[in-house]
Each structure stands twice: as structure tokens, then as C-alpha cells.
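> A structural model of the following input is requested.
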Amino acid sequence: MDGNNYDRVALVSGGSRGIGAAVTSALAERGCRVGCTYRTGLEEAEKLAAGHPGQVLPVQFDLSDPATATAAVNRVVDHWGRMDSLILNAGQWAGGRLAETAADSWWRVIDSNLRGTVDLTRAALPYLATSPSPSIVLVSSVVGLIGHAGDTAYAAAKSAMVGFGRSLAKEVARDGIRVNILAPGFVATDMTDAVPLSSRKRIEDATILGRFGTVDEIARAAIFLSEEATFCTGSVLTADGGWAL
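I've put the predicted structure just below:
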């Protein structure tokens with residue numbers, strides 16, 4: 001992309017850590033101005049902002065609080081006057097087999113992941129519709145496509161994101177908004193650092209490429225869908241190293 005003609009504003013939810021931080025940094029390095037949402041990671045968001053002066057704006061957002069979705073979108077638009085891209089990366093994981101998980105805890109995973117995504121999308125749509133090249137990327141999970149024992153709530157939430165995204169693509173095409181879904185596999189982050197070595201070895205053995213992915217690899221896939229894949233909408237891109245094969 002020609003940097004001289006690059007003028008985009010993005011909002012990345014969950015942008016202060018892990019995959020979201022990699023997406024935020026990669027966009028900023030391309031010249032994008034990025035609203036980087038955080039829930040508790042203000043220090044991490046401010047560090048990203050310091051590393052990309054004038055290009056990264058820390059924005060508070062809580063998946064469980066609908067009011068913060070509207071406030072986050074308004075903060076970015078008030079600051080930069082527009083919004084061109086929305087990358088929905090924020091999510092919460094909680095594992096456990098269905099029979100061993102309290103009903104309230106199970107539904108909390110669904111509510112936090114799906115409701116926050118929908119709230120942020122709803123708030124952003126009017127501004128995206130005024131962009132010359134708007135896009136939405138939902139970061140789901142390969143677990144939402146094929147399932148995984150011990151992850152019924154998380155898989156259900158991520159699967160719902162796929163259905164939501166593909167349906168939304170049909171609704172907003174008339175406004176020129178592309179909507180695509182990214183389904184990462186197992187990625188090396190602070191969350192997966194806690195995976196026991198025996199489990200990690202099983203995952204790596206089941207992955208065709210023989211390893212976990214990196215946050216930078218997933219960030220490149222997200223940016224491809226957001227900015228380069230201009231004839232793709234309603235698509236699901238799996239980035240899992242072949243784990244689901």
C-alpha cells in the first residue's frame with residue numbers, strides 16, 4: 001500500500017495485549033491511527049502509545065459494560081474525526097466441561113464474548129458507513145469452527161461470532177462495509193503460556209506446522225482481511241497451522 005496515500009483510522013478491541021497489541025503495532029507501523037482498547041491494561045496501552053507517538057490512542061472498554069462500547073467509539077471519532085476499520089479482538093476465555101461448569105459461569109462466557117462484540121459493532125456502524133473503504137474483522141477461533149472438549153462455552157461464543165459476522169456482511173454490504181472473520185488456532189501469548197507442557201506437546205503434535213503461531217502472524221492475517229482483501233466479505237480465514245485438518 002502506498003504510504004503517501006494511507007489515511008485510515010482503526011479501532012482494535014483488546015488492543016493492549018497479545019494478538020491485539022500486535023495488530024495495533026502493525027497498523028501503526030503502516031501509518032494507521034489506532035484506537036487501542038483495554039480493560040485493565042492501561043499501562044500496556046500507554047506503552048504502545050509511547051512507541052507510536054500520535055498514532056495510538058488508549059481507550060477504555062469493558063466487554064461486560066455496553067456503555068463503554070459507545071464511549072470507546074465516540075472517543076476515537078472525536079479524536080480523529082472518522083473510523084475506517086474495526087477489528088474485534090477482545091474476548092475472555094474460561095474452560096471447563098459442561099457438566100462441571102456452573103450455569104452462571106457458562107453463560108457469562110457467552111455474554112462477555114458475544115455481547116461486547118455486538119455492542120461495539122452497533123456503536124461503530126454509523127461511522128464506518130461514511131468511510132470510503134470500511135471494514136470489520138471479527139477475531140473468532142478455530143475452536144468455534146470444529147469444537148474442543150472442555151471449551152463448550154468459549155466454542156459456542158466463537159461459533160456465534162462466525163454466524164453474526166457472515167449475517168452482518170449481508171446486512172451492511174449496501175453501505176460498502178466488508179465483514180470478515182479470522183479464526184486463529186493456538187497462538188503463543190501470555191494466556192497459552194499457562195498451558196502445561198504435556199498439553200502443549202499434544203497440540204504441537206496435532207498441528208501440521210508443528211508449533212504454536214505467533215501474534216505477529218495472526219496480526220498480518222487480520223490486516224490482510226481488514227485492508228487488502230477488498231473482494232472478500234463474509235469470509236472465514238483459518239490461521240491455525242493446520243491444527244484443524
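
> Give me the most central residue, this structure.
Asn89 (1.8 Å; C-alpha atoms, centre = their mean).

> how near is it to Val77?
According to C-beta to C-beta, to the nearest Å, Asn89 and Val77 sit 19 Å apart. For the C-beta atoms, the positions are set from N, CA and C on the backbone; glycine is no exception.

> Retrieve the pLDDT associated with the residue of the chain most remote from its centre.
Within the chain, the residue lying farthest from the chain centre (C-alpha atoms, centre = their mean) is Ala99, at 29.1 Å. Turning to Ala99, the model gives it a pLDDT of 89.

> can you list the weak-confidence ranges in the protein?
The chain contains residues with pLDDT under 70 at 1-5, 194.

> Show me the longest helix that occurs in it.
When the chain is parsed with DSSP state H, its longest helix is helix 152-172.

> Which elements pack onto that one?
In terms of contacts (3 or more C-beta pairs under 8 Å, 6 or more residues apart in numbering; DSSP states H and E), helix 152-172 is packed against helix 103-110, helix 116-128, strand 135-139, helix 143-146, strand 178-184.

> buried stuff in that helix?
152-162, 164-166, 168-169, 172 (16 or more other C-beta atoms under 10 Å).

> Convert the C-alpha atoms of it to CSV, please.
In CSV, the C-alpha atoms belonging to helix 152-172 read as follows (Å, rounded to 0.1, in the frame of the first residue of the first chain):
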residue,chain,number,x,y,z
THR,A,152,-18.2,-25.6,25.2
ALA,A,153,-18.9,-22.1,26.3
TYR,A,154,-15.9,-20.5,24.5
ALA,A,155,-16.5,-22.5,21.4
ALA,A,156,-20.2,-21.6,21.4
ALA,A,157,-19.4,-17.9,21.7
LYS,A,158,-16.7,-18.0,19.0
SER,A,159,-19.0,-20.0,16.7
ALA,A,160,-21.8,-17.4,17.2
MET,A,161,-19.3,-14.7,16.1
VAL,A,162,-19.0,-16.5,12.8
GLY,A,163,-22.7,-16.6,12.2
PHE,A,164,-23.0,-13.0,13.4
GLY,A,165,-20.2,-11.8,11.1
ARG,A,166,-21.5,-13.7,8.0
SER,A,167,-25.0,-12.4,8.5
LEU,A,168,-23.8,-8.8,9.2
ALA,A,169,-21.8,-8.9,5.9
LYS,A,170,-25.1,-9.3,4.1
GLU,A,171,-26.7,-6.5,6.0
VAL,A,172,-24.1,-3.9,5.6
